[in-house]
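Peer 1: sequence below, structure please.
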Amino acid sequence: MRDRSTAHANVRRSVATSVDVVLCTPRGRHLEILLVRIHGRVHDGWALPHAPYGPGDTLERSATRVALQALGRQPAWLEQIGAFGGSTRHPTAASLSVGYVGVTPDGFVQSRDEARWFPVARLPALAPRHRAIADAALAALRDRMDHVPIAYRLVPSLFTLSALQRIYELLLGRPLHKASFRRALQASYLVKPTDEWQSEGRGRPARLFRYVSHRRGKLHRGLRFDLLGG
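Peer 2: Numbers count the residues shown, from 1 in each chain. As a prediction, this is how the structure comes out:
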């Protein structure tokens with residue numbers, strides 16, 4: 001008969017480290033986070049997509065696999081945000097978690113019964129560590145927007161400046177002054193106007209722009225979000 005203490009030790013080792021992914025998408029007027037349903041011994045609830053991290057794998061492959069399983073497709077951007085442990089409880093009792101944050105341009109999920117999008121301001125109760133990872137992921141997302149073209153992964157290849165500003169506002173969690181945003185955008189050399197236009201309802205059609213990863217002789221300066229008041 002298998003020794004019970006050995007079986008318990010194996011279970012603990014299997015969840016010693018987990019990879020936990022915060023996936024974000026713009027939906028309507030909200031930035032939302034994908035949560036998956038968990039079925040515990042005591043009660044059911046919601047959690048961030050996660051999986052044990054096993055030997056022979058890499059953290060990046062593991063995080064991508066977790067995101068792919070939850071979304072049914074690759075996220076548009078995914079990056080590690082750090083390690084979380086200590087006394088904060090994890091749904092699987094993992095002693096250590098490696099957190100990732102990613103974005104996807106739409107709210108598609110594999111199974112709506114097992115996964116659901118929630119506005120960041122109205123998340124259901126989460127295990128303490130998952131709440132800490134979610135908060136850290138949002139902070140990291142907003143901190144890195146000035147260095148990584150995250151917003152441009154969430155708009156079509158051609159977009160209006162109004163649509164782009166909406167994405168920036170959802171990611172930052174606050175409104176931006178329209179004129180200031182457009183001046184900062186022009187100075188950043190991140191977008192280029194096209195000869196195409198799009199109707200946005202009443203009024204004149206809006207010009208469509210495209211993201212420019214590099215322009216010869218021009219340096220990307222990034223957007224100074226601290227100077228873009230609401």
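Peer 1: any idea how this structure splits into domains?
Peer 2: The record's domain split for the chain, according to automatic domain parsing, is 4-144, 151-227.
Peer 1: so which of the ones you listed is the most surrounded?
Peer 2: Of all the domains of the chain, domain 4-144 has the most neighbours on average by mean count of other Cβ atoms under 10 Å, namely a mean of 17. For the C-beta atoms, the positions are set from N, CA and C on the backbone; glycine is no exception.
Peer 1: identify the single longest helix in this structure, thanks.
Peer 2: Scanning the chain for the longest helix, with DSSP state H as the assignment, gives helix 128-144.
Peer 1: quick check: next helix or strand after the worst-scoring helix or strand of the chain on mean pLDDT?
Peer 2: The helix or strand of the chain with the poorest confidence is helix 4-14; it has a mean of 38 (mean pLDDT, DSSP states H and E). Counting by DSSP states H and E, the next helix or strand C-terminal to helix 4-14 is strand 17-27.
Peer 1: any idea which helix or strand comes after that next one?
Peer 2: Per DSSP H and E, the helix or strand that comes after strand 17-27 is strand 30-39.
Peer 1: show me what the helix or strand following that following strand is packed against.
Peer 2: Later in the chain than strand 30-39, the nearest helix or strand by DSSP H and E is strand 44-47. Counting contacts by 3 or more Cβ pairs under 8 Å, 6 or more residues apart in numbering; DSSP states H and E, strand 44-47 packs against strand 30-39.
Peer 1: by contact count, what packs against the strand it packs on?
Peer 2: strand 17-27, strand 44-47, helix 59-71, strand 115-119, helix 161-172.
Peer 1: and the ones you listed as CSV, adding mean pLDDT and distance to His147?
Peer 2: Formatted as CSV, the helices and strands packed on strand 30-39 follow (pLDDT from 0 to 100; distance: least, Cβ to Cβ, whole Å):
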stretch, mean pLDDT, distance to His147
strand 17-27, 96, 17
strand 44-47, 88, 29
helix 59-71, 95, 19
strand 115-119, 94, 26
helix 161-172, 95, 13
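Peer 1: just put these in CSV and tack on distance to Leu78.
Peer 2: Listed next are the helices and strands packed on strand 30-39 as CSV, based on distance: least, Cβ to Cβ, whole Å:
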stretch, distance to Leu78
strand 17-27, 7
strand 44-47, 18
helix 59-71, 6
strand 115-119, 17
helix 161-172, 15
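Peer 1: out of those, which comes closest to Arg37?
Peer 2: Closest approach to Arg37 among these is made by strand 44-47 (6.2 Å; Cβ to Cβ).
Peer 1: restrict that closest one to CA atoms and write it as CSV.
Peer 2: Extracted C-alpha coordinates of strand 44-47, given in CSV (Å, rounded to 0.1, in the frame of the first residue of the first chain):
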residue,chain,number,x,y,z
ASP,A,44,-17.1,26.7,-6.1
GLY,A,45,-15.6,30.1,-7.0
TRP,A,46,-13.6,32.1,-9.5
ALA,A,47,-9.8,32.3,-10.0
